[in-house]
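**Q** my questions are about this predicted structure, shown below with the sequence.
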Amino acid sequence: MQDLQTLESEINANITAAADIDALESLRINELGKKGRVSLLMRELGTMSADEKKEFGPKLNQLKNNLNDAVQLRKETLEQVALNIKLASESVDISLTAVSQELGSIHPITQVMDEVSEIFTEMGFSVAEGPEIEEDFYNFTALNIPEEHPARQMHDTFYFPKGEDGTRKLLRTHTSPVQIRTMMQGEPPYRIIAPGRTYRNDSDATHTPMFHQVEALVIDKDIHMGHLKWAIEEFARKFFEIENVKIRFRPSYFPFTEPSAEVDIGCSFKNGEIRIGEGDDWLEIMGCGMVNDRVLENVDLDPKIYQGFAFGMGLDRIAMLKWGIPDLRDFFAADLRWLKHYGFQALDIPSLSTRSSALKGSK
Amino acid sequence: MKFTLSWLKTYLETDAPLDVISEKLTAIGLEVEEIIDPTEGLKPFVIARIEKAVQHPNADNLRVCTVNNGSETIEVVCGAPNARTGLVGAFAPSGSVIPTNGLKLKPTIIRGVESNGMMCSERELGLGDDHDGIIDLPADAPIGTSFSDYIGANDPSIEIAITPNHQDALGVYGIARDLAAAGLGTLKKPDTSKVKGSFDSPIKVKIENKDACPVFAGRYIRGVKNGPSPDWLQRRLITLGMKPISILVDITNFLTHDYGRPLHVFDADNISGNLVVRLSKSGEHFKALDEKEYILDDQTCIIADDKAINSLGGIMGGIDSGTYDTTTNVFLECAWFEPIRTAMTGRKYAIESDARYRFERGVDPATVLDGIEMATRLILDMCGGEASDVTVTGEVPIISKTVSMRPERMLSLGSIDLSKQEITDILERLGFKVSDQGDLLDVTTPSWRCDIDGEADLVEEVLRIYGYEHINVEPLPPASRDVVTGLSLLQRRSRMAKRTAAGRGLCEAVTWSFIPSAQARLFGVLPENLILENPVSSDLDAMRPNLLPNLITAVGRNIDRGFKNIALFEAGNQFSSDKPDGQTYALAGIRRGQNHQRHWQDTPKDVDVYDVKADALAILASIGVNVKNAQVVTGAPDWYHPGRSGVIRLGPKNILATFGEIHPNILKKLDVKGPLVGFEIMIDSIPSPRSNSGNSRGVLTISDFQSVERDFAFVVNKDIWADEIIKAIQSIDKKLIDAVNVFDIYQGAGIDDDKKSIAVNVRLQPNDKTMTDLEIENLCIQIINRVAEKTGGTLRK
């Protein structure tokens, strides 16, 4: 008995003192291996009487288990120390640049079109398109813009040479011809927006010969100016991500709408910067109105049955406003510095569910 | 349209302050663009007297003045020739800013004499052109008081934008009339009573074309004395940005803007015989007041005497019959010219004038008879003289019409619920006559509202006076029938394709749809009808047949900015004809340089044809093309390198994309340093998915048996494509041979010069049992034999 306790303490002390895995292993073999001291004691059990065995056997077993556990524990400790030393030697310079994929970007015009499409499709609109090379009828005549209207003049509209039939094509000056094409394609109701490229013969600090517009058209039996106002307020709130954006409607004139309005958005001009949603100034963002009866008649719709609204808005302009982009001309210069600065990430796909939290659901 | 507050108040009795008037103008559709309050700039200036002016000791042209500004006496050095003892003028103290040049005054030493402030000229204060000397006020002007108060220059000017339907507001009177209708005061009518004539006009007027000019009122005034206009009239014209000329000219300009009534004054002594209003004869000459000579067609409405043409009706008078300082007898014209002909004439000869601007929009015909009396009265007041009776030729046209209005349209169109009475009140305030027909209101337009066309115009009239801010907002109701919503397939594909391209490192550009025609011709045939007649500049004259040229030149510009590695793309329309189906939607990309910057761990490689092949395939896959079914063949268009380009297609007629190195000739012509690689994806040529395919992904089948991989290296002739080897191997057993991948291409030592080595990894995936060694061995032999048979390749030793 006394022997066993002494033995255990002695071996335990040796285990604890083992400096490395190899020393531990040879210790284990010496003490617990076939010829080790513990094994020899086990062997002695065979020579003992039944009573001695009963007393001595379990104790000896206990001793063996304890020592095995101690060896295992010491082994794990020593392994961990060894591993720590190895890991410490493997340190690298994490300040070095990682290999990263070259980043591409999405142009603000694409981003603004996607945002506008998202807002209006959620309101039940579809997205329509039309040709950029247009006929006089769709761009002007059907929209109640008479022959002598100044907008038809060379200094505003890009024209192509006269064809054999005496007519000449033009570059659409607005997205409104898509209204006409939509109405001539099928029966009402219509709920469309039409974003796209538009052209005017104009080039100065704030005008480019090509720009972008979005058109909206809603025609049904009972659409009135209150619905128009609602749609625009909803749009402005969601697009600019400002809950209490101030909107002002004031009378204006367009040949294709009656009554007509221009829409101003509340803003401030401070230090050459425009801020939407604050201040007492106003900035015009779009023209709109109830589709003129003459336009409905031009596409063979009965104004006594159908009515609705339309609006048109400059996409470049609202992109500049939303993201603080100072110069329109830079949009079309394909300068990589600009594209990388004002561009958007590929996966930054506009979605209403990721809008600013200030926005509540529809009223 | 520009006017001042005091001018407006000559026709509008109102207590409303400027900001209320301004807000109301915008609210009724007369949008205020700018308000200038001149008192702001003139605030620091006071009336002062030069108590003593003596010669400057060191400068011949300067005087040293002792100036009394009411509170103190200070020394001011002055260069004006009229600076004299006793002069009373406008003094700018040190610290004030000269409004016209922004100069801030401070005490200075001028040639050794201290000067504190400045005596100002008219031009320096923005009050006129006079810069010959300093302002010279009457001797009794109160010293020390505000200069701007004294001269009455505290009259704010207001500039409003006039929409084409508001021809009625092209005169201050019309603006006052609209404001009065909107409840902002009472309209004061001008004195239009008849001035009694004392003789018959010796000049008679005949109208030959009553469509062009239905009415002409004329009056002879003899014995007038022309000269500079009085201050009040000059100031009004200066407000408008016009230069005062002489009383007779200034009166016509004034009435044009005051009453919206253009008229003309002829020097009667330069008219031979009588006047006739007729259409011009082709080739007739006319020398206008703008000192240009015009050769006329046969459709121009002109006013001529026995010898010459004296005026383009409603547009501009002639230089020879104009009025000058020496004029003593005049003939006054007040007529009405038809809008469309006036517009066309003005445009034809490119003459802009205030008269044309008004006549082409529609002048109130009722002002023919009022206007001639107003003009007569002004001439007699300021120039003296004696007036003849008015001769009226033709008849004042009636342009009023009656439009029926359903009162409920205010609610059903305008979203404001107004009673019949409220509607009637507003329309009557605007000058309409309203007759209640029970369910309908019969509304007769006033003579000044030729723009009113139908019921909707009346709804707008009532709305704008009642206030757009009262339109009741209502959410859009559900459509009366289901409508399609969301994006079309093409739109979804466009969005996905762009986002995939950006995800692959390409930056999206948006470039002009027009390019130089010479560049367009490098990318296919350019039909004549895609060249603009009036391009914004000669190098933007053709519709682009292809997206690449703009991207290539954009790469060039970015190289100039110092970029080496460039990756750009654009999605948009390109044009092959002027028909709608000649517009196709594509996405194109260009890469140049290396695939990334130099990196310590990852060596960059030059971009090549395989990078753009990968771009094209990845984008096609992202928009639903099963690229495994697509063929990649040679035959890309001419703008690519003939040996380093390809076409991705579903069949000979169904090309989805092209890619390759850009042809060196193209780069040379576009002056861009290459090499460049590019790709084009014809997004709208991609077939729609089968409509019956549904959303189900199908059942996933996974084999439970172990797959086997074996590598082979074949030596083949150089012109053999890797694809031929892959196809040969796959043809053995499409089910069992799961994948064949090329992992090495080798040319060089150990391989004949006309040969190359292609190494492939073949993956076998049995589906019913595990393959035995013998089966695998047999298949390997089959592979070697099949490749030898199809390509002549042999296993590399």
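**A** Ah, there it is.

**Q** for the helix or strand hosting B:Val462, packing partners?
**A** Using DSSP states H and E, B:Val462 maps to helix B:455-466. With contacts defined as 3 or more C-beta pairs under 8 Å, 6 or more residues apart in numbering or on different chains; DSSP states H and E, helix B:455-466 has these neighbours: strand A:247-254, strand A:257-270, strand B:402-405, helix B:409-412, helix B:420-429. (Each C-beta comes from the backbone N, C-alpha and C, glycine too.)

**Q** which stretches of the chain have low pLDDT?
**A** Answering for chain A, as no chain was given. Scanning chain A for pLDDT under 70 picks out A:1-2, A:150-151, A:153-155, A:354-363.

**Q** you answered for a different chain; I wanted chain B.
**A** Counting by pLDDT under 70, chain B has low-confidence residues at B:128-130, B:152-153, B:692-693.

**Q** the spatially most central residue of it and chain A, how far apart?
**A** Centroid-nearest residue in chain B, with C-alpha atoms, centre = their mean: B:Val536, separated by 13.1 Å. As judged by C-beta to the nearest C-beta, to the nearest Å, B:Val536 and chain A stand 4 Å apart.

**Q** ditto for B:Asn116
**A** To chain A, B:Asn116 is 34 Å away according to C-beta to the nearest C-beta.

**Q** tell me if I'm right that that residue and B:Glu75 touch.
**A** Yes. Using C-beta atoms under 8 Å, B:Asn116 is in contact with B:Glu75, at 6.3 Å.

**Q** looking at these two, which is more packed in?
**A** Remark: of B:Asn116 and B:Glu75, B:Asn116 carries more neighbours, 18 against 15, as counted by other C-beta atoms under 10 Å in any protein chain shown.

**Q** so who does that one touch?
**A** By C-beta atoms under 8 Å, 6 or more residues apart in numbering or on different chains, the residues touching B:Asn116 are B:Ile74, B:Glu75, B:Val76, B:Pro93, B:Ser94, B:Pro107.

**Q** rerun at 6 Å
**A** Residues in contact with B:Asn116 (C-beta atoms under 6 Å, 6 or more residues apart in numbering or on different chains) are B:Ile74, B:Ser94, B:Pro107.

**Q** and the last one, how many residues sit next to it?
**A** A total of 12 residues lie near B:Pro107 under the criterion other C-beta under 10 Å.

**Q** for stretch A:90-98, the distance to its chain's centre please.
**A** 31 Å (C-alpha atoms, centre = their mean, to the nearest Å).

**Q** ends of it, how far apart?
**A** End-to-end distance for stretch A:90-98, by C-alpha to C-alpha, to the nearest Å: 18 Å.

**Q** just to revisit the earlier point, out of the contacts of B:Asn116, flag the one nearest to A:His207.
**A** Checking the contacts of B:Asn116 against A:His207 with C-beta to C-beta, the nearest one is B:Ser94 at 44.0 Å.

**Q** wait, the closest one sits on B:Pro107?
**A** Yes. Between B:Ser94 and B:Pro107 a contact is recorded at 5.3 Å, counting by C-beta atoms under 6 Å.

**Q** which helix is the longest one in the chain?
**A** Because you didn't say which chain, this covers chain A. If you go by DSSP state H, chain A has its longest helix at helix A:50-89.

**Q** can you look at chain B instead?
**A** Assigned via DSSP H, chain B shows its longest helix as helix B:773-791.

**Q** so which elements touch whichever helix or strand comes after it?
**A** Counting by DSSP H and E, the next helix or strand C-terminal to helix B:773-791 is strand B:794-795. Judged by 3 or more C-beta pairs under 6 Å, 6 or more residues apart in numbering or on different chains; DSSP states H and E, strand B:794-795 is in contact with no other helix or strand.
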